[in-house]
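> Sequence first, then the predicted structure, then my questions.
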Amino acid sequence: MTGTAVASCFNYSSYASYQTSSKKTGEVLFSDSIDVNSDKVKKQESQRGSVMEEYYARKPQYKERAKERVDGGYVVLKCAGISTEDMENMSMNEFKDVMSKVIAGIPHHATRPYDEETVLISEEGWENMKKDPDYAAYVVGLLQEDRSFANPFFAMGDKGSYIVQHFGASPEDYHGVGFSKIYGGTAAGARSMYNSAKATGGIETRGPQADLQPPADYNLWEERRKAKRRKRKEQLDEESMARYYQKKRIDGMYERKLYENMELERSRTAAEMIGSQNNTSHAPKLSMASGMAFYEATFMTSDIAEIF
């Protein structure tokens, strides 16, 4: 089945109307229903906890961690209005349907809106979950814990993940795989891998924005090439602007030097004209002024030549 993760839990109460009719039918058809139910309850109580207790005996180092997941799973089941008695009184098909709805309704963290996940449970896994509600709670608790983790790369533009979870006869048979929705460089390639990994018949959960990221034609390598071209263009633009301002500054210096030389030349010419009209006593002084003006003009002209 396919589901979209939402904040609210699956509500079993509206789903379980079959229980009332089943009980009434039982009362009519079986006069000894009390004895039958009593034997059934005793059998169920003898099986309850058997799968997890065996696991604790084999893996005592993981007992505390597993119990935390069992407790967390019962919280989710309680939110959904499902008790251990409800699970034990369901048929296998009803149990699968109800638990699939619960699993599909477990939401992902807000930083994982693009994730898509499939949960695969083997037939032996279903049977043991039905037999031992603690194992069913363990499965639910593990999934709830996993989906509550934040995505540390969300703010960096992460495109989301594909996740496939496998559950077998006991917690020891669990294994899972997750990879980016652009794993391998393309959205199409990652999608193909996910379709192959999840097979068919799993419990599917999709984030509320799973269809938004990544675009179907997304190609990581092409995006990197585009980013490289943009960076190079920005770099070239910066270099062009730097050259433009450098040239403008040099042109300004050249204009100032040229103007100063022109002023010096005019001063020298004016001094020579005045010197030719004055008496001889002033000639050395005027000649010295003219020589100094010419020297300064020549010096500044040489400065410009060195710049260029």
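Here it is on my side, so go on. Residues are numbered from 1 along each chain as shown.
> Please parse the protein into its domains.
Listed domain ranges for the chain are 2-218, 221-307 (source: automatic domain parsing).
> what about the longest one, distance to the chain center?
Centre-to-centre, domain 2-218 and its host chain are 23 Å apart (Cα atoms, centre = their mean, to the nearest Å).
> still on that earlier bit, and the domains of the chain, which one averages the lowest pLDDT?
The stretch with the lowest mean pLDDT among the domains of the chain is domain 221-307, at a mean of 68.
> how far away is residue 217 from residue 187?
7 Å (Cβ to Cβ, to the nearest Å). In short, each C-beta sits where N, CA and C put it, glycine included.
> Can you convert the domains of the chain into TSV and add a column each for mean neighbour count?
Formatted as TSV, these follow (neighbours: other Cβ atoms under 10 Å):
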stretch	mean neighbour count
domain 2-218	17
domain 221-307	12
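> how about the strands of the stretch 1-150 of the chain, start to end?
Counting by DSSP state E, counting those that start in this stretch, one finds strands in the stretch 1-150 of the chain at the ranges 2-4, 116-121.
> And the contacts of stretch 191-199?
Stretch 191-199 has contacts (Cβ atoms under 8 Å, 6 or more residues apart in numbering) with 116, 118, 120, 162, 164, 177, 179, 181, 183-184, 204.
> ditto for stretch 180-187
With Cβ under 8 Å, 6+ apart as the criterion, stretch 180-187 contacts 114, 116, 158-162, 189-191, 193, 213-221.
> what do you get if the cut-off is 10 Å, keeping everything else the same?
With Cβ atoms under 10 Å, 6 or more residues apart in numbering as the contact definition, stretch 180-187 has outside contacts at 114-116, 153, 158-162, 188-194, 210, 213-224.
> Could you work out the end-to-end span of it for me?
With Cα to Cα, to the nearest Å applied, stretch 180-187 spans 9 Å between its terminal residues.
> now stretch 174-192
Terminal-residue distance, stretch 174-192 (Cα to Cα): 23 Å.
> hmm, back to that, just checking, which of the contacts of stretch 191-199 belong to strands?
Residues of the contacts of stretch 191-199 located in strands (DSSP state E): 116, 118, 120, 162, 164, 177, 179, 204.
> so which strand or helix has residue 222?
In this structure, residue 222 sits in helix 220-277 according to DSSP states H and E.
> other SSEs contacting that helix?
Helices and strands touching helix 220-277, by 3 or more Cβ pairs under 10 Å, 6 or more residues apart in numbering; DSSP states H and E, are helix 187-198, helix 283-307.
> Recalculate using a threshold of 6 Å.
Helix 220-277 sits against helix 283-307, with contacts defined as 3 or more Cβ pairs under 6 Å, 6 or more residues apart in numbering; DSSP states H and E.
> part of a strand, is residue 166?
Yes: secondary structure of residue 166 (DSSP: H, G, I helix; E, B strand; the rest coil): part of a strand.
> Relative to residue 146, how far out is it?
13 Å.
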